[in-house]
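**Student:** The sequence isn't on hand, but the structure is:
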């Protein structure tokens with residue numbers, strides 16, 4: 001993703017004017033917190049432009065991106081073209097599978113997770129993010145939103161052991177991001193539209209990210225109204 005900058009403590013600062021600044025920043029922080037699991041041979045499932053490889057690939061010996069040649073965002077940077085529902089690799093080939101914001105675009109998510117189980121080595125990890133809240137996008141291939149219970153059920157059924165399921169943002173982030181997404185009409189105002197839209201996005205995102213740190217204070221309910229979930233699961237040593 002163009003425009004990312006590495007700063008102190010390896011934090012990534014996304015442009016404040018991005019309409020998706022809030023959700024993208026929270027996803028990045030979640031992945032950064034588990035980057036030690038991204039190691040060895042890694043399959044980036046639905047990789048797009050592989051935005052996380054440079055920032056999180058320090059312990060990865062081989063980063064393999066799988067996606068279609070053309071995606072709704074343009075050409076992908078995949079090393080191998082194919083479907084996540086029929087991964088073109090043999091069994092037990094990867095130490096880690098990374099899948100970010102892909103599961104909602106898959107019509108048969110249970111099949112994807114079974115493929116993850118198949119290609120992971122015993123003891124290998126899946127690191128996955130998926131949305132609970134968000135507008136329709138990449139239509140018509142936008143099929144699902146997920147709760148933590150739905151994600152746990154899918155990973156259990158695939159034979160993967162859940163290590164952690166964590167919300168990425170609370171109720172304040174969810175409400176704020178929805179408002180920012182719907183401020184896009186400001187950019188269409190003749191003359192000053194883009195400038196006003198960028199400033200509105202920047203101010204709203206800054207305030208929301210600061211205030212969202214208060215969400216845990218209000219109890220578990222505030223964190224259940226999340227934007228996205230981070231899932232870490234492991235393939236058992238003996239299957």
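**Tutor:** Structure received. Only a predicted model underlies this, so the values are computations on that prediction, with no experimental measurement involved.

**Student:** C-alpha only now, for contacts and for neighbours.
**Tutor:** Fine.

**Student:** so where is the protein shaky, pLDDT-wise?
**Tutor:** Scanning the chain for pLDDT under 70 picks out 1-13, 187, 219-220, 239.

**Student:** measure residue 53 to residue 100 for me?
**Tutor:** Residue 53 sits 12 Å away from residue 100, taking C-alpha to C-alpha, to the nearest Å as the criterion.

**Student:** So between those two, which is more surrounded?
**Tutor:** Taking neighbours as other C-alpha atoms under 10 Å, residue 53 and residue 100 compare with residue 100 leading, 20 against 17.

**Student:** any idea whether the nearest residue to the more buried one once chain neighbours are set aside is helix, strand or coil?
**Tutor:** Using C-alpha to C-alpha, 6 or more residues apart in numbering and skipping residues adjacent in sequence, the residue nearest residue 100 is residue 129, 4.8 Å away. Classification of residue 129 by DSSP: H, G, I helix; E, B strand; the rest coil places it in strand.

**Student:** Closest to the centroid, which residue in this structure?
**Tutor:** Centre of the chain computed as the mean C-alpha position; nearest residue by C-alpha atoms, centre = their mean is residue 100, 3.2 Å away.

**Student:** Wait, it touches residue 130, no?
**Tutor:** Yes - the pair residue 100 / residue 130 is scored as a contact, 6.7 Å apart, by C-alpha atoms under 8 Å.

**Student:** The residue nearest to residue 100: neighbouring residues, count only.
**Tutor:** Counted by other C-alpha under 10 Å, the residues lying close to residue 129 total 26.

**Student:** Same question for the one 4 residues further on.
**Tutor:** Residues contacting residue 133 under the criterion other C-alpha under 10 Å number 19.

**Student:** same thing with residue 65?
**Tutor:** Neighbourhood size, residue 65 [other C-alpha under 10 Å]: 24.

**Student:** quick one: contacts for it?
**Tutor:** 43, 44, 45, 46, 47, 48, 50, 77, 78, 79, 80 (C-alpha atoms under 8 Å, 6 or more residues apart in numbering).
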